[in-house]
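Participant: For reference, the sequence and a predicted model appear below.
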Amino acid sequence: MDPLGAAFRDGAEDALNTLMDRHRRELHVHCYRMLGSFDDAEDAVQETFVRAWRAHDSFDGGPDIRAWLYRIATNTCLDTIRRNKRQVAHLGSFAEVPWLSPYPDRMLDLIASPEDEPHAVAVARETVELAYIAVIQLLPARQRAVLLLRDVLDWSAAEASAALDITVAAANSALQRARATLREQLPDRGAPRRADLSPDERALLMRFIAAHESGNVEDAVSLMREDIRVTMPPMPYLYEGIVAVSELVRTGTGANGPGEWIVRPTSANRMPAAACYLREPGQERARIFKFDVLRFVDGRIAEITTFGPALTEHFGVPEYI
């Protein structure tokens, strides 16, 4: 019998605190996938541990406490999805997922460990990128849960069905429908990619930063694909195509902009990102204004998703520079 699990079952509060420290981050990523929101995931993890503590005497004290916690976390998220109606009917762009938020790589790096395969799987790049997270929001709650338990956490059909209190046949059916939606929405998944940014990605990010700081519209546009798309969740704005995005860049930078931009490289969702600071006229210091998360395709910027500064602390960057 696992001593920690047994202590938790017997009501030892320090055992709960140890479990929280051990599993909080990976459970948070799981809840983030389910809900698409960093803050909602935080609330779900807190609720998970509250529910776990209330049910501690139902745990058998065995070695599977991680799976037991995932079961509670998944059902907590299901309750949240159903209560808040967090499912989109159509996904033309990220503008249709107003609750979508980034996940700082700094937080993912606290989980990923080459020596710990379950943790490494939990933060695989293909399953934390914004496109994947957004597509998940198309799925009904049960399909979402089955897909993540089976294809991300690599649970068996029996384990997934038991966690969701449904039959194996129902779990398999939900998985088939979820996979079909992913194939339709994300047809070009390709081979698994490295978790960190490649040298070419880093170089393109730095060119984007230089163009942003200089306000050189021509330089910025030269980095973009003709079909580039810009969205700004939770705002419903959508800019598609090089003409529309060029005008957006023109009005937001350089002499026409709101002030001086100072931009620093970062990363989120295993994607290149930029922390953008704005020094307004008459101000001595620049304050964090937004985070731009970039998607690159064939050496060009295919998409920019702009988020506000709410997660500044989690990105590990200062509020002012």
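Facilitator: Received the coordinates, thanks.

Participant: Hmm, Thr231 is touching Phe94, no?
Facilitator: Yes: at 4.3 Å, Thr231 counts as touching Phe94 under the criterion of Cβ atoms under 8 Å. For the C-beta atoms, the positions are set from N, CA and C on the backbone; glycine is no exception.

Participant: Between these two, which contacts overlap?
Facilitator: Residues touching both Thr231 and Phe94 (Cβ atoms under 8 Å, 6 or more residues apart in numbering): Thr305.

Participant: Might you calculate how far the helix or strand where Leu248 lies sits from the centre of the chain?
Facilitator: Per DSSP states H and E, Leu248 falls inside helix 242-252. Here the centre of helix 242-252 is set off from its chain's centre by 27 Å, with Cα atoms, centre = their mean, to the nearest Å.

Participant: Quick one: mean pLDDT over it.
Facilitator: Averaged over helix 242-252, pLDDT sits at 92.

Participant: and the longest helix for the protein?
Facilitator: Selection of the longest helix in the chain by residue count, based on DSSP state H, yields helix 13-35.

Participant: Now the residue nearest the centre of the chain: closest residue in space, sequence neighbours ignored.
Facilitator: The chain has Tyr103 as the residue nearest its centroid, 4.3 Å off, counting by Cα atoms, centre = their mean. Spatial nearest neighbour of Tyr103, chain neighbours left out: Asn269 (5.3 Å); criterion: Cβ to Cβ, 6 or more residues apart in numbering.

Participant: Just to check, the one you found is in contact with Thr127?
Facilitator: No: Asn269 lies out of contact with Thr127 (Cβ under 8 Å); the separation is 9.9 Å.

Participant: With neighbour numbers in mind, choose between these two.
Facilitator: Asn269 (24 against 20; other Cβ atoms under 10 Å).

Participant: need the contact list for that one.
Facilitator: Asn269 neighbours (Cβ under 8 Å, 6+ apart): Pro102, Tyr103, Asp105, Val128, Glu129, Leu130, Ile133, Val293.

Participant: next one: Trp99
Facilitator: With Cβ under 8 Å, 6+ apart, Trp99 has these contacts: Leu35, Gly36, Ser37, Asp40, Arg86, Pro233, Pro234.

Participant: ok, the second one to Val128 distance?
Facilitator: Translated: Gly36. 11 Å (Cβ to Cβ, to the nearest Å).

Participant: Mind checking which of those two has more residues around it?
Facilitator: Gly36 (27 against 23).

Participant: right, and that one touches Arg86 too?
Facilitator: Yes: when contacts are counted by Cβ under 8 Å, Gly36 is listed as touching Arg86 (7.1 Å).

Participant: ok, Ala273 touching Pro102?
Facilitator: Yes: using Cβ under 8 Å, Ala273 is in contact with Pro102, at 7.1 Å.

Participant: Next, show the common contact partners of those two.
Facilitator: Phe291, Val293.

Participant: and those two? which has more neighbours close in?
Facilitator: Ranked by neighbour count (other Cβ under 10 Å), Ala273 and Pro102 place Pro102 first, with 27 against 24.

Participant: Tell me which helix or strand that one sits in.
Facilitator: Pro102 belongs to no helix or strand, assigned by DSSP H and E.

Participant: again with the one 5 residues further on
Facilitator: When elements are assigned from DSSP H and E, Met107 belongs to helix 105-108.
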